[in-house]
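>>> coords please:
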Amino acid sequence: MEVGKTLSPEHVSLTGDMSITNGAHILYCYNSSSDYINNAASYIQTGIELGHRVIFIEGHERYRSLVDVLTHRRVSVENVMYVASEEFYMTHGSFIFDRIVRNFTDLIQPLLDQNVTFRVWSHPKWRDQEDITSKLVEYESACQRVFSNLGIIGVCAFDANTVSASLQNALLEHHEYFMTDRKLVKSLLYNSDDRAVIPPSLSAMAQLRHEMDLYRQKLDFVHAVSHEVRNPLTVIKAYATIILERTLDPDTMQKMKSIRDYVDVIDHEIANIINTEQMLGTDSFWHIETINPLTSIRNVISMMEKKASTQNIKLQYTDRLLDSFVIQANSVGLELIVSNLISNAIKYSAEGATVDVDVFTFEGNLVIRVADHGIGMSEGQMYRLFSKYEKMNWDKGGQGIGLYVVKHLIDHFSGRIEFYSKLGVGTEVFVTLSLSP
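From the prediction side, this is the model:
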């Protein structure tokens with residue numbers, strides 16, 4: 001892809017209150033169609049306000065929804081160059097790298113000739129075909145080189161529910177930023193010496209490398225096995241759903257529901273590792289903002305109920321919070337705290353047991369209580385509870401880092417965590433965070 005080079009400022013606005021490195025390539029894995037449209041609208045609106053032309057490559061239905069949102073915001077689409085994704089990516093009925101590159105070059109060259117500043121938003125389309133993963137990665141790598149060379153920003157959007165973990169990892173190597181419906185962070189897998197983030201000191205660099213060793217090992221493992229595990233899981237879930245649509249006896253119906261829940265839990269664990277590792281190495285993970293805690297907690301409960309059921313454990317959840325209550329934290333960090341505590345309670349409980357999760361207020365604070373009736377801990381184990389790589393039971397899975405991260409997050413949110421445990425009786429955990437006025 002040969003195009004002329006242009007010069008642009010070092011940083012450019014992504015949305016009204018967020019700037020990123022100019023020439024950045026952003027991988028957006030979305031879960032919600034409505035969030036997708038709103039994020040695209042904000043990206044386009046900011047571009048138009050900056051005087052940019054915006055190339056928008058998407059399906060007709062999504063484009064009509066986008067126009068409706070922009071019209072409601074009183075934003076003209078005059079400077080939006082719409083390109084139908086099916087025609088752009090599937091000119092000959094399949095994803096052909098050379099043809100798509102020529103399409104892209106033909107699209108942007110007139111803008112370059114006229115010295116017009118522009119940004120790109122695209123939603124790649126493809127069908128099942130031989131070696132499609134390598135073709136997608138090859139195309140995204142070419143886009144990354146062009147965006148970097150021209151000093152423009154581009155978003156490549158993928159449905160998170162259809163992208164395998166192995167493909168996502170491969171794509172992250174060619175995107176400087178990783179975006180979800182709610183977050184934008186630096187990609188830990190992106191390699192570029194001229195864009196490397198330099199820590200403030202040699203000691204900070206050594207500490208960062210030390211902290212990230214485990215995360216990279218886990219990512220390498222997921223990258224190696226995700227394709228072999230996650231894709232077959234999708235097939236299993238599809239077959240289970242088809243069978244559930246038929247009339248079955250109650251026992252068979254329950255077994256098929258359990259199969260589907262197992263698939264959801266395993267897929268969630270794989271996706272959670274990838275997405276969490278992306279967040280852990282960035283400032284956004286430690287960013288403090290005003291959030292509604294109930295939204296984050298209920299997101300976790302929804303998945304943990306499935307996880308508990310796969311181990312024949314009952315998760316009892318109650319909350320006594322108003323929807324208007326807010327705290328100073330961030331949703332990613334709060335979800336990690338709650339999911340770690342509940343996951344541990346499930347892990348160390350026997351089949352048929354109950355795990356209690358209560359959320360309430362006390363003296364102006366938010367209190368999250370997680371209690372199990374499992375194996376419990378000795379005083380010696382309690383003493384080493386927050387040590388890195390310390391595992392309470394080596395017969396159970398995990399890397400022994402969950403509570404280490406949880407403790408640092410709670411401290412960062414100016415909260416506190418208290419454990420009460422006894423061997424053979426169980427464990428009770430209280431997390432206390434201040435409610436905002």
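>>> which ones are touching the spatially closest residue to S378 that is not a sequence neighbour?
Closest residue to S378 in three dimensions, ignoring its sequence neighbours and counting by CB to CB, 6 or more residues apart in numbering: L423, at 5.4 Å. Every residue, glycine included, has its C-beta placed from N, CA and C. Residues in contact with L423 (CB atoms under 8 Å, 6 or more residues apart in numbering) are I375, G376, M377, S378.
>>> filter those residues down to the buried ones, ChimeraX style.
Typed into ChimeraX, the line below selects the buried ones among those, using 16 or more other CB atoms under 10 Å:
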select :375,376,377
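>>> let me have the contacts of L423 in a markdown table, extended by secondary structure, pLDDT and distance to Q316.
Supplementary listing: those in a markdown table, determined by DSSP: H, G, I helix; E, B strand; the rest coil; pLDDT from 0 to 100; distance: CB to CB, whole Å:
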| residue | secondary structure | pLDDT | distance to Q316 |
| --- | --- | --- | --- |
| I375 | coil | 90 | 19 |
| G376 | coil | 90 | 19 |
| M377 | coil | 86 | 22 |
| S378 | coil | 83 | 26 |
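>>> so the residue nearest to M253 when sequence neighbours are not counted versus M303, what's the distance?
If you skip the residues right next to it in sequence, M253 has L244 as its closest partner in space, 6.9 Å away by CB to CB, 6+ apart. If you measure L244 against M303 using CB to CB, to the nearest Å, the figure is 20 Å.
>>> please apply the same query to G426.
Counting by CB to CB, the separation of G426 from M303 is 23 Å.
>>> likewise for T290?
Counting by CB to CB, the separation of T290 from M303 is 24 Å.
>>> those two - which one has more neighbours?
The neighbour comparison of T290 against M303 (other CB atoms under 10 Å) goes to M303, with 19 against 10.
>>> D261 is in contact with that one, correct?
No - with contacts counted by CB atoms under 8 Å, M303 stays clear of D261, the gap being 9.9 Å.
>>> could you give the bridge partners of L433?
For L433, the beta-bridge assignment (DSSP bridges) gives partners L366.
>>> check which element follows the host helix or strand of A371 along the chain.
Assignment of secondary structure by DSSP states H and E places A371 within strand 365-372. Using DSSP H and E, the helix or strand that follows strand 365-372 towards the C-terminus is helix 379-383.
>>> can you tell me the SS state at I410?
The three-state label for I410, taken from DSSP: H, G, I helix; E, B strand; the rest coil, comes out as helix.
>>> next one: the residue nearest to S378 from D35, what distance?
Distance of L423 to D35, given as CB to CB: 46 Å.
>>> rewinding a little: if we only consider the contacts of L423, which is nearest to H408?
Proximity to H408 was ranked across those by CB to CB; first place goes to M377, at 20.1 Å.
>>> what residues are up against that closest one?
M377 makes contact with L385, M392, F419, S421, K422, L423, T427, according to CB under 8 Å, 6+ apart.
>>> any regions of this structure where pLDDT drops low?
Residues of the chain that meet the criterion pLDDT under 70 lie in 1-22, 90-95, 97, 129-130, 191-239, 247-248, 263, 265-285, 387-402.
>>> how is it divided into domains?
Per the record, the chain has its domains at 11-194, 202-284, 287-434, by automatic domain parsing.
>>> circling back to that earlier point, need the contacts of M377 in CSV (columns: distance to S436 and secondary structure).
Shown next, in CSV, are the contacts of M377 (distance: CB to CB, whole Å; DSSP: H, G, I helix; E, B strand; the rest coil):
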residue, distance to S436, secondary structure
L385, 29, coil
M392, 34, coil
F419, 26, strand
S421, 31, strand
K422, 35, strand
L423, 39, coil
T427, 29, strand
